[in-house]
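1. Fold the stuff below for me.
(2 chains)
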Amino acid sequence: MIEFRGVGFALPGGPELVRDLSFEVGRGETLVLLGRSGSGKTTTLKLINRLLEPTAGELKVEGRPTTAWDPIRLRRRIGYVIQEIGLLPHLSVAVNIGLVPHLEGWERERVRGRVQELMALVGLEPELARRRPHQLSGGQRQRVGVARALAADPPLLLLDEPFGALDPITRAELQSEFKALQQRLHKTAVFVTHDVREALRVASRIALLSAGRLVALHPPAELLRATDPEVAAFVSSLQTSEAETSRDAHRNET
Amino acid sequence: MTVLDFMRQSAPEILGLTLEHVGLVALAMGIAIAIGVPLGIVLTRRAGLRRWALGCANVIQTVPSLALFGFLIPVPLIGGIGNRTAIVALALYALLPILRNTYVGIRGVDPALVEAARGMGMTDRQLLRWVELPLALSVIVAGIRVSTVISIGIATIAAAVGAGGLGTYIFRGLSMVNNQVILAGAVPAALLAIAADVSLGWAERRLRARCGG
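-> Residues are numbered from 1 along each chain as shown, chains lettered A, B, ... in the order given. Okay, the predicted model is just below:
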């Protein structure tokens, strides 16, 4: 579905943000791009929906290079969920969700039906349809964000740290719900995160990025067992932070 | 005779002048908005043009109003004594706040919203219609408010080039050295300005609340 061949991106006159990326994303899989801040994960994601264009190599989506696609048509086939959510504050939840179908020219009734269907799918009560985004909680807002991304039934989803702005409990809830949704819908998804646990939870494969290069690409179980030093460092940081948290908690008790 | 008595006595003429005054300002504002808003939108898309356009409008604003009226009189087509010169000058003065506020308002829209909109496949036109203009509207109206109030003030000078309006009374009163006549022109003008400020301010607040949160 998505093919990266030696893809690189650099800002004009600046350093390369990603370098020599070569991998594929298969239909129906959830590929997680995992890495520290500044590792190039978001850049990689934005190359897929052509918000950025590669300065090296070739990137194909559904068999055609992104530069050969009409950017508008390409993006209408991709559901895009971002960390800040980005719901239009002056429009109701229902209008926000139905935006892409509306832009695609669907009739009113069909849009309305689809919005209801999606709200049920992501677990939003129907009464919320008329409300404005600022009247919703963070978790509800991001559910609207996901519903909006799914509205025109795109084959591909791009998610950029979608649950990063939420509290840990809501985040865990949404991770499980996302996983369940994927099991139902089998969309091809590329999911960016810096949270190892989140990656392990939602991924069918994890691509570890470091300083703009692809360091490892494994299913979750294999990643935990990997011997490559960078991968091991990431995985062990997960275990160290757990130990530290537990130690701090005990220290505060005494 | 007090000012109020005088005003009551000349009510029909004052009303006529007020309507003339409103007419001048309305036409000028219409032109300024028709040029300023689209141009402001263009400036957000073409970075190079910005400094030049904003600079020009700035210079025009700095020219003293009576002087600008004076400059325009000999110009063919738009000049001459009368309404036309006044309207052109007023429109030029109204341009900068509208132009600048349109530009600033659109640039001030949350970048995350613009990114989400572009990511979902909105064309530039759809981005303007669904995201940028609705959210920039309260700032644009603020610019219109400032321009309107300035225009109502400067329009009093229009009488000096024969365009009529409430300035007629002010200038007449000045040459007659008669306070009542001056005030009969100045007070309605001031009231007009306050009314415009209050009503447009209310519109601005309503718009800001609509996009609130």
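
2. Write out the residues of chain B neighbouring chain A.
-> Residues of chain B lying close to chain A (CB under 8 Å from any CB of the partner chain) are B:110, B:112-113, B:115-123, B:126, B:130-131, B:134-135, B:210-213. For every residue, glycine as well, the C-beta is placed using N, CA and C.

3. give me that answer again for 10 Å
-> Counting by CB under 10 Å from any CB of the partner chain, chain B comes close to chain A at B:110-124, B:126, B:130-131, B:134-135, B:137, B:207, B:210-213.

4. now the helices for chain B?
-> Secondary structure of chain B (DSSP state H): helices at B:3-9, B:11-45, B:47-62, B:65-72, B:83-107, B:111-119, B:124-127, B:133-158, B:167-176, B:179-210.

5. quick one, what contacts the residue nearest to A:L52 when sequence neighbours are not counted?
-> Closest residue to A:L52 apart from its sequence neighbours, by CB to CB, 6 or more residues apart in numbering or on different chains: A:K46 at 4.4 Å. Shown in contact with A:K46 (CB atoms under 10 Å, 6 or more residues apart in numbering or on different chains): A:9, A:52-53, A:80, A:158, A:160, A:192, B:115, B:119.

6. Among the residues you listed, which are located in strands?
-> With strands defined by DSSP state E, the entries of the contacts of A:K46 inside them are A:9, A:80, A:158, A:160, A:192.

7. Make JSON lines out of these and add pLDDT.
-> As requested, the ones in strands among the contacts of A:K46 are exported to JSON lines (pLDDT from 0 to 100):
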{"residue": "A:F9", "pLDDT": "94"}
{"residue": "A:Y80", "pLDDT": "96"}
{"residue": "A:L158", "pLDDT": "96"}
{"residue": "A:D160", "pLDDT": "95"}
{"residue": "A:V192", "pLDDT": "96"}
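
8. re earlier: in PyMOL, how would I select just the buried ones from the residues of chain B next to chain A?
-> Those of the residues of chain B next to chain A that count as buried under 16 or more other CB atoms under 10 Å in any protein chain shown are selected in PyMOL with:
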select buried, chain B and resi 113+114+115+116+117+118+119+120+121+122+126+130+131+134+135+137+207+211
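
9. sorry, back to before: state the distance from the residue nearest to A:L52 to A:G26.
-> Shown here: A:K46 relative to A:G26, a distance of 21 Å by CB to CB, to the nearest Å.

10. Filter the ones in strands among the contacts of A:K46 to keep only those in contact with chain B.
-> Okay, of those touching chain B (CB under 10 Å from any CB), that's A:80, A:158, A:160.

11. ok so, going back, quick one, which of the helices of chain B gets closest to A:R247.
-> Ranking the helices of chain B by proximity to A:R247 (CB to CB) places helix B:111-119 first, at 37.2 Å.

12. Against which helices or strands is that closest one packed?
-> When contacts are defined as 3 or more CB pairs under 10 Å, 6 or more residues apart in numbering or on different chains; DSSP states H and E, helix B:111-119 sits against helix A:41-48, helix A:71-76, strand A:78-82, helix A:138-150, strand A:156-160, helix B:124-127.
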